[in-house]
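Student: predicted structure and sequence below. I'll ask about it afterward.
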Amino acid sequence: MRAAVIVFPGTNREKDIAEALERASGKKAQFVWHGDSDLPDVDLIVVPGGFSYGDYLRCGAMAGNSPVMRAVKQKADAGVRVLGVCNGFQILTETGLLPGVLMRNAQLKFICKKATLTVQNSDSDFSSAYSEGQRVVFPVAHNEGNYFADDATLDRLEGEDRVVFRYADADGTVNKAGNINGSQRNIAGILNEKRNVLGMMPHPENATDPAQGGTDGLGLFKSLAEVLQ
Amino acid sequence: MSGVKMTPELVAEHGLTGDEYNTVLSIMGREPNITELGIFSVMWSEHCSYKSSRFWLKTLPTTGPQVIQGPGENAGVVDIGEGQAAVFKIESHNHPSYIEPYQGAATGVGGILRDVFTMGARPIANLNALRFGDPGNAKTRHLVDGVVAGIGGYGNCIGVPTVAGEVNFHPAYNGNCLVNAMTVGLADSDNIFYSKASGIGNPVVYVGSKTGRDGIHGATMASAEFSDQTEEKRPTVQVGDPFTEKLLLEACLELMSTDAIVSIQDMGAAGLTSSSVEMADKGGVGIRLDLDKVPMREEGMTPYELMLSESQERMLMVLKPGREDEARAIFEKWELDFAVIGEVTTSGNLELFWYGETVGDIPVKPLVEASPMYERPWEPTPAQAEIDPDSLPDAGKMTNCLKDILSSPDMCSRRWIWEQYDHLIRGETLQIPGGDAAVVRIPETSKALATTVDCTPRYCLADPEQGGRQAVAECWRNMVATGAKPLALTNNMNFGNPERPKIMGQFVGAIKGMAAAAKTLDFPVVSGNVSLYNETEGKAILPTPVIGGVGLLKDHTKMATLAFKAEDETILLLGESKGWVGQSIFLREIHGREEGAPPPVDLEAEARNGALVLDLIDKGLVTACHDLSDGGLAVGLAEMAMAGNIGATVAEQSDETPAHAFFFGEDQARYVVTSTQADAVIHLAEQAGVPVQVIGRTGGEALTLTPEDTISLELLRHAHEDWLPAYMSGEEAAEQ
Amino acid sequence: MKATVTITLKSGVLDPQGKAIEHALGALGFQGVNDVRQGKVIEIDLDAADPTTAEALVKDMCGKLLANPVIEDYSIEISA
């Protein structure tokens, strides 16, 4: 698996995700500075977490509309896998690669904790190592993770089986109590129509090493490593 | 510039006394102009000159084989083996945080981060020590909310995990909250950067954000008492920009990986003035600055404003000759300002120019050396009587006392706070907030650093010397409880007005206690900060000498945590228990009395007991370890049980200590451990001369303190977790 | 020429910050506050031949960056 990790001014979880990729695939990922002209020829492009451009204006807005993201969009259209985590998810929605938007958390506070999720479908290149309905624990760390889209979009996402992760309570039941940030229909991660782009708020990369207190996140990177060999 | 006439009023407004101004006149050999007066004013302010505290700070132990750099630079540096060093410091941002809690706290974090990465270290952990007023005070909730959001807002954005902290509430902080921020960084020991300027003709370079009129007179504000008019001082508070600081951090570290930098200094309090003066003074050289070349954010700025501005996210560097273009390219890549604004000279003076015209010329050495130092008069704090535990009235069921204590403002869970801090970023956090000390792993090694901040102000008020000892000992003990060997400390001395002998006596007592503890525990002071004049209308804060510590775990897989791990393990108490109730949380929360002498700290016992605990953890003989402090044994057991979600039963006690003193006494130098090899633990403890007793077993879903007195973990957890979120949502206020 | 862009959340989109402000106003004793919506104002100083050109330019900026059409509405005011 050849992976590129895009770095914007203000990106800050690039180290975490590069280490997770290496743990799962044994191969080092390549960092790509947003201003560098060409994207390398890779199988996976990761847009990591952070505060690109300070998240001033709107989270992910300035990065989402930057030249490098136009190039990422072209690659995605050509079938390259794209993973956006946290700020990366916000950027992908701003770019238009994924529908909806991430709004301020319902409780108006930044929230960092281990969140329980359920894997809604394991039929994707990002989740094949999990079983459907599996309960997993990934950390979250965000201020704007409250997923919003209109009902038609939400219905379509569900109808096309594009919701990969939902927030759940400690037992793995998808309900209001487990919805840590007010996301519509507890949505934590979604695919695009072609199922080669995944955006998610939680941080699987911070659950890939026993010393981090859990390795539930490793499955996501292993799924990719498996399909992209 | 030169048009401003010097008057006694103008001198007084700049915080200089008549005597101090006379010294200025003799140094200058003439009347200073307004820019020069401003420079003397900030350099000789309490904040920059430590004029009330320096005499005593010099008595602290600052050396040891582990110390690479002690006090005097931007941060302290200690050796952590394998060619690596930990770089750390704590700093206060108390006054700005009271005036504008979000920005005050945020820029406090930003400032301490810069102190650490200026030395060539990548920040890997942030900590904070906070003190707020009475929860019932109208302003307290607003301050907590703003300070926590500000700390999170800055640290989360720049991507440094906030891993530990402490919070107290007390009416003595009603008019002066405390916000102390600490950063720990990681550097290569052979690539540490210092502030000493050298190389005549070398370019002096300004990088980072543009300069605006932020915080002009911030440094003098930080050294003045508050009054009713304080709230009008709002415009001088700086605004933080963590995004720019993130760029500055990456750009500086990128440039530091080359050998282009001679010296570097961040522009903190007193901005361009203190950074240029310190660089010149340390190098014994002069510095010439062309102030018109400073990148400016606002129009019409004057040399006076440029020299005194406290705009954030700026650095001053001296580069090797001919390396400007290479450095400029790095800063431009990160979209930061880069300007050559002067050069190193032979003059020994700070020479300031404005479009070619001289606007200031001050000899650096006298400016620094004539900086006032006062040996202020002080009165020792009168000793308080010991309190006999048998003299206290019956407090009812121990579990009820425990529940009340765990749900009190000072003892309840801080989850509401630390869940607003990204404590996991970088993926190296091995112990998150809520344990004895945070532990962060050093990438690509088997090492980890433990770090914590501690102080018990009520002890310090009752007996500053014992309080100073206790703060150091507790910090040391918290790291030991994780299995880390404590290396060195940084201190933040928060006190009232030092011109009052009673307050100065608190300061002196705390320093004496701290010095004794640091010496006996081989735990030297490598950096620190002093914040005085924390008073409002003559009412001082509790003396609050906060200790931040860093310790080393050579093998992080041996790390201990406080959570009970399994059912049916033996619980042992290490250290001597006399049932000390004076100044205890129990006495305050249950009996409403803040009285008595605080527990004495036997430093030899601390050293002995700590060495044993490190040995037990290293040998893998304990499954959990927790130091005992506020709330004593019962609180310690409850915390271990809640963290592990496993209950415990305390065996019946035969000795004659009354139950409340046994469960809630705050004797020092104690740890609770669990083990499956109790005999081996007891054997080693006896060998080391450390008192040891088996006090019970783990198991079940409740904590049983005496045979008839049990409380479920669920009830305990509610008591512990519910108070702070309810208070912050305003539910408490509605009841009042 | 100066353009002032006012960006607000679309009606129907939950505005937790607006709700918090509404709640705080009530707590401060302000009566009769029915609803609060918060947004942001962006001031742009720009060179343009005439107000019509300026408005077209700023509209393009809104579509491409300044506002997110999924949740936000905007209005533009041009002054000399």
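Tutor: Okay, I see it. Remember, predicted model here, so these are calculated numbers, not experimental data.
Student: how about stretch C:2-20 against chain B, any contact?
Tutor: No: applying Cβ under 8 Å from any Cβ of the partner chain, one finds stretch C:2-20 separated from chain B by no less than 11.2 Å. All C-beta spots, glycine's among them, are computed from the backbone N, C-alpha and C.
Student: ok, and what's touching that stretch?
Tutor: Here stretch C:2-20 makes contact (Cβ atoms under 8 Å, 6 or more residues apart in numbering or on different chains) with A:103-108, A:148, A:182, C:35-46, C:54-55, C:58, C:61-62, C:66-67, C:71-80.
Student: pull out the buried members of those.
Tutor: For the contacts of stretch C:2-20, a burial check counting by 16 or more other Cβ atoms under 10 Å in any protein chain shown picks out A:103-106, A:148, A:182, C:36, C:39, C:42, C:44, C:54-55, C:58, C:61-62, C:66-67, C:71-72, C:74, C:76, C:78.
Student: helix, strand, or coil at B:Tyr565?
Tutor: Careful, residue B:565 is Lys and not Tyr. What DSSP: H, G, I helix; E, B strand; the rest coil gives for B:Lys565 is coil.
Student: from chain C, how far out is the nearest residue to it once chain neighbours are set aside?
Tutor: Leaving aside its chain neighbours, B:Lys565 sits nearest to B:Thr623 (4.4 Å; criterion: Cβ to Cβ, 6 or more residues apart in numbering or on different chains). Note on B:Thr623: its distance to chain C, by Cβ to the nearest Cβ, to the nearest Å, is 44 Å.
Student: on that earlier part again, now, the contacts of stretch C:2-20 that are in helices?
Tutor: C:Ala54, C:Glu55, C:Val58, C:Met61 (DSSP state H).
Student: could those go into CSV alongside distance to B:Gly356 and pLDDT?
Tutor: Shown next, in CSV, are the ones in helices among the contacts of stretch C:2-20 (distance: Cβ to Cβ, whole Å; pLDDT from 0 to 100):
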residue, distance to B:Gly356, pLDDT
C:Ala54, 41, 95
C:Glu55, 46, 95
C:Val58, 42, 96
C:Met61, 42, 93
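Student: and A:Ala129, how far is that from B:Glu82?
Tutor: From A:Ala129 across to B:Glu82, the span is 36 Å (Cβ to Cβ, to the nearest Å).
Student: higher neighbour count, the two?
Tutor: A:Ala129 (19 against 13; other Cβ atoms under 10 Å in any protein chain shown).
Student: and the gap between the more buried one and chain B?
Tutor: 20 Å.
Student: and what of A:Pro202?
Tutor: Taken as Cβ to the nearest Cβ, the span from A:Pro202 to chain B is 11 Å.
Student: quick check: that residue touching A:Ala188?
Tutor: Yes: counting by Cβ atoms under 8 Å, A:Ala188 is a contact partner of A:Pro202 at 5.7 Å.
Student: list residues touching both of the two?
Tutor: Joint contacts of A:Pro202 and A:Ala188 (Cβ under 8 Å, 6+ apart) are A:Ala115, A:Leu117, A:Phe165.
Student: wait, isn't A:Gly100 in contact with A:Tyr147?
Tutor: Yes: counting by Cβ under 8 Å, A:Gly100 touches A:Tyr147, with 5.9 Å between them.
Student: and these two? which has more neighbours close in?
Tutor: Using other Cβ under 10 Å as the criterion, A:Gly100 and A:Tyr147 rank with A:Tyr147 on top: 30 against 21.
Student: just list whatever residues bridge to that one.
Tutor: A:Leu102 (DSSP bridges).
Student: thanks a lot, catch you later.
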